[in-house]
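K.L.:
Here is a sequence together with a model predicted from it:
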2 protein chains.
Amino acid sequence: MCELLGMNANTPTDVVFSFTGFSTRADEHKDGFGIAFFEGCGVRLMVDAQSARTSPVAEMVRRYPIKSDNIVAHIRKATQGRVALENTHPFVRELWGRYWVFAHNGDLKGYAPRLHGAFRPVGDTDSERAFCWLMQELAKAHASVPSIPELSATLRELAAVPAAHGTFNFMLSNGQALWAHCSTHLHHVVRKHPFARASLHDEDVTVDFADVTSPTDRVAVVVTQPLTRDEVWTPFAPGELRAFVDGAPIAA
Amino acid sequence: MCELLGMNANTPTDVVFSFTGFSTRADEHKDGFGIAFFEGCGVRLMVDAQSARTSPVAEMVRRYPIKSDNIVAHIRKATQGRVALENTHPFVRELWGRYWVFAHNGDLKGYAPRLHGAFRPVGDTDSERAFCWLMQELAKAHASVPSIPELSATLRELAAVPAAHGTFNFMLSNGQALWAHCSTHLHHVVRKHPFARASLHDEDVTVDFADVTSPTDRVAVVVTQPLTRDEVWTPFAPGELRAFVDGAPIAA
């Protein structure tokens, strides 16, 4: 099952999600889904606490190709927190005049960080608590948006703290880059020109990317489990954090 | 033209927006629209920088009756800031573990507040600057979510500051109440049982409320210009701020 999906491209790219598997299985994934699309520094959040099988929001996402250069998507199986809109990933906060989008796969046991800063959870999930703590600590570590390598270094240190409480696979984007942290399972692939319209899919979700027409177009896709069999997906190591910029991973 | 619309109900109420006028006039309101629906303390934001005439988001809003108890809607005519997603109202921030939604009608000239707190604009509108300043000053005035009358008293003092720079009609909600501030034009009506399914409309927008079936159901609607002719709309006085709770204005 694809629980987390991130996309980072070097040019705004049409991406269409279809929640294929949901049409045949009523009992699964009834805990909602969410997709955040960056359009420049603006962010469009499509979330629903109801199943993607019946959600009109999922229906719109399927019909409406949104041009985006950074995407974070999440299909929720509730482990902590009630099934409610405020508990549906991705979560969004503003820091340093940028929106930050966060989605988490996993379960943090007994995780109650001290939140004394400007970021408080609205819902009652371990995931939103971890996001608020990361934002609080980033705000303390830097005075304004740092360079991507600097931010990666800070995030790498910080991520280890919640990860000590359980599984902490997460994706984070501010519209400039995509950061992905792996506790257990995460894979990425880079797709470059020439590739024709391609479907990535598992039993639950199909993702269509527009034709990559320019020789310079490049898209990195990060997922919990590989979505295609004919491509080489690079696994993350446990504890690894990678940043993706302009459609490719950058050196640590 | 209806530029701002707020709704506050004492029970989650089905509300369907149709952007009727847009289908016949291509040249107007091409600067986007946005609607924020609170569902409990969660918030669903439907925004588009493109015209409601062609927007698939507007199409979905028309088809999908969302049950909400607090709504803030905005139709944008750009006065300051580029036409872009990050400049599209309503804006959302988190404070004290609550989401806050803000939409503004008007134009603030030479307004550059000192933003030294945890709230920075992502886009480049006067409206988002004013919202960030209000959030910053609220955070300084109270340690956690205050009572609604206390918050109204603080907002009343604060609103006068940006209002000195121009027209500052705004709506603000945290899902518990709706605050509306009038510089020039704002009106409200309270709809109670018994009323059948009712359409509120002007040349641009139609709002359908579900049947109010229970004798205790009550909905307050606040708009820039009255949407019906057969009801008594109470105008705001210039400089007036009102809070609406459980579908009715509360005493100042």
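P.N.:
Looks like it arrived, so ask away. Numbering: from 1, shown residues only, chains lettered A, B, ... in the order given.
K.L.:
Tell me how far the residue minimising distance to the centre of chain A lies from A:Leu138.
P.N.:
Compute the mean C-alpha point of chain A, and by CA atoms, centre = their mean the closest residue is A:Val72, 3.1 Å away. Remark: distance between A:Val72 and A:Leu138 (CB to CB, to the nearest Å) = 17 Å. C-beta: built from backbone N, CA, C; applies to glycine.
K.L.:
same thing with A:Gln50?
P.N.:
Using CB to CB, one gets 32 Å for the distance from A:Gln50 to A:Leu138.
K.L.:
So in terms of bridging, what pairs with A:Asn8?
P.N.:
Applying DSSP bridges to A:Asn8 gives these bridge partners: A:Asn70, A:Ala220.
K.L.:
count of neighbours near it?
P.N.:
Residues lying near A:Asn8 (other CB atoms under 10 Å in any protein chain shown) number 32.
K.L.:
which residues does it contact?
P.N.:
Counting by CB atoms under 8 Å, 6 or more residues apart in numbering or on different chains, A:Asn8 touches A:69-70, A:173, A:177-178, A:219-220, A:222, A:244-247.
K.L.:
quick one: pLDDT of A:Leu45?
P.N.:
pLDDT for A:Leu45: 92.
K.L.:
for it, helix, strand, or coil?
P.N.:
Judged by DSSP: H, G, I helix; E, B strand; the rest coil, the three-state class of A:Leu45 is strand.
K.L.:
ok, the residue lying closest to it once chain neighbours are set aside to chain B distance?
P.N.:
Nearest non-adjacent residue to A:Leu45, counting by CB to CB, 6 or more residues apart in numbering or on different chains: A:Ala36, 5.0 Å away. As judged by CB to the nearest CB, to the nearest Å, A:Ala36 and chain B stand 11 Å apart.
K.L.:
so A:Ala36 sits in a helix?
P.N.:
No. Applying three-state DSSP, one finds A:Ala36 to be strand, outside a helix.
K.L.:
And the pLDDT at A:Pro121?
P.N.:
A:Pro121 carries a pLDDT value of 98.
K.L.:
Over to A:Pro90?
P.N.:
96.
K.L.:
contacting residues for it?
P.N.:
Going by CB under 8 Å, 6+ apart, the list of residues near A:Pro90 reads A:34-36, A:45, A:47, A:72-74, A:101-103, A:171.
K.L.:
Which positions in chain A make contact with chain B?
P.N.:
Counting by CB under 8 Å from any CB of the partner chain, the residues of chain A lying close to chain B are A:39-45, A:47, A:49, A:56-57, A:59-60, A:63-64, A:84-88, A:92-99, A:117-123, A:139.
K.L.:
which ones among these are found in strands?
P.N.:
A:39, A:42-45, A:47, A:92-95, A:98-99 (DSSP state E).
K.L.:
Which one of the contacts of A:Asn8 sits in the busiest neighbourhood?
P.N.:
Among those, A:Leu178 has the most neighbours (other CB under 10 Å), with 29 neighbours.
K.L.:
element containing A:Gly6?
P.N.:
For A:Gly6, the element it lies in under DSSP states H and E is strand A:4-18.
K.L.:
What residues of that strand count as buried?
P.N.:
Using 16 or more other CB atoms under 10 Å in any protein chain shown as the test for burial, strand A:4-18 gives A:4-10, A:12-13, A:15-18.
K.L.:
burial measure for the residue in the stretch 51-200 of chain A that chain B sits nearest to, as a count.
P.N.:
Residue of the stretch 51-200 of chain A nearest chain B, by CB to the nearest CB: A:Leu85 (2.9 Å). Neighbour count for A:Leu85, taken as other CB under 10 Å: 21.
K.L.:
Perfect, I'm done here.
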